[in-house]
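S.K.: below is the structure, and that's it, no one-letter string:
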């Protein structure tokens, strides 16, 4: 048997060698994982995230080419689902911080007024840095609008329960207690409400909302008076409702200007004024109901 020459030996070695870049029996060797430097880039057409198998990437299949799909067990990537909502505990902390800032804003608006108030003063009252405040509100107006919206919602609930047709069955003094006590309590517990709604300094968006609520409340007062004094003509009911509104607004200003026993005394005075104004009208309505004609 003849010996092979050097050229034939080299050729045979080249034929038996694995092609360049072919995988070894252990699989392709990589210099890093998909999340580490040196990892192969996402193939073209697999989405723009740069992460193989990222479910959020448009056009991606969820797994790299040639790899088995990821299981849904503990080996799943922690950032695989980007749509997962924030933990409830974190949301609760955020709501608590907002409530803290709004309570501080209410105190600042009450003592300084809306125009003189500042975000720095509100942050200081809340015991937080201005940077923390700006994580939740971009400016003072946004704080006032959020606080005003919440107060308006509570005001609607309060007068909705206080001014109802069921009160028409009550005696006048008891009707005034049922209607006025919740309204007075709301205003004394939320003095910033009057500052924002009646002070003329609040943002225009807030005063527009207040005007809508005011009109709805006025309609309820007219309906209550019409039910309590059904014999009086509509034009007179309109005037009486307007007078009741103005008496209430003036009385609230006096009540809020005083504290403790004096505040309670002015609340009683407001009820007395209302009673003495409405009682003759009630007598007139009763007189008309008996068919006696105008008194």
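M.R.: Received the coordinates, thanks. These numbers come from a predicted model, not from an experiment.

S.K.: which parts of the stretch 51-200 of the chain are helices?
M.R.: Applying DSSP state H, counting those that start in this stretch to the stretch 51-200 of the chain gives helices spanning 88-116, 119-126, 130-134, 140-162, 172-189, 191-198.

S.K.: buried sites along stretch 236-248?
M.R.: Buried residues in stretch 236-248, counted by 16 or more other Cβ atoms under 10 Å: 237, 240-241, 244, 248. C-beta here means a position set from N, CA and C on the backbone, and glycine is covered the same way.

S.K.: tell me the contacts of residue 148?
M.R.: 196-197, 202, 206, 209-210 (Cβ atoms under 8 Å, 6 or more residues apart in numbering).

S.K.: which one of those has the most neighbours?
M.R.: residue 196 (26 neighbours; other Cβ atoms under 10 Å).

S.K.: show me what contacts that one?
M.R.: 109, 114, 144, 147-148, 151, 202, 206.

S.K.: circling back to that earlier point, among the helices of the stretch 51-200 of the chain, which is the most enclosed?
M.R.: Stretch with highest mean neighbour count among these: helix 191-198 (a mean of 20; mean count of other Cβ atoms under 10 Å).

S.K.: using JSON lines, lay out the contacts of residue 196 together with distance to residue 227.
M.R.: Compiled in JSON lines, the contacts of residue 196 are given as follows (distance: Cβ to Cβ, whole Å):
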{"residue": "109", "distance to residue 227": "37"}
{"residue": "114", "distance to residue 227": "38"}
{"residue": "144", "distance to residue 227": "37"}
{"residue": "147", "distance to residue 227": "34"}
{"residue": "148", "distance to residue 227": "31"}
{"residue": "151", "distance to residue 227": "28"}
{"residue": "202", "distance to residue 227": "34"}
{"residue": "206", "distance to residue 227": "32"}
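
S.K.: which single one of these is nearest to residue 95?
M.R.: Proximity of these to residue 95 (Cβ to Cβ) peaks at residue 147, which lies at 14.4 Å.

S.K.: what's the closest non-adjacent residue to the closest one?
M.R.: residue 102 (4.9 Å; Cβ to Cβ, 6 or more residues apart in numbering).

S.K.: any idea which helix or strand of this structure has the worst average confidence?
M.R.: Ranked by mean pLDDT, DSSP states H and E, the weakest helix or strand in the chain is helix 6-16, scoring a mean of 43.

S.K.: residue 149 reaches residue 213, doesn't it?
M.R.: No - using Cβ atoms under 8 Å, residue 149 makes no contact with residue 213, being 10.7 Å away.

S.K.: residues contacting residue 154?
M.R.: So residue 154 contacts 186, 190 (Cβ under 8 Å, 6+ apart).

S.K.: so where is the protein shaky, pLDDT-wise?
M.R.: Applying pLDDT under 70 to the chain picks out residues 1-90, 291-295.

S.K.: ok, residue 128 - how many residues close by?
M.R.: The local packing of residue 128 (other Cβ under 10 Å) involves 17 other residues.
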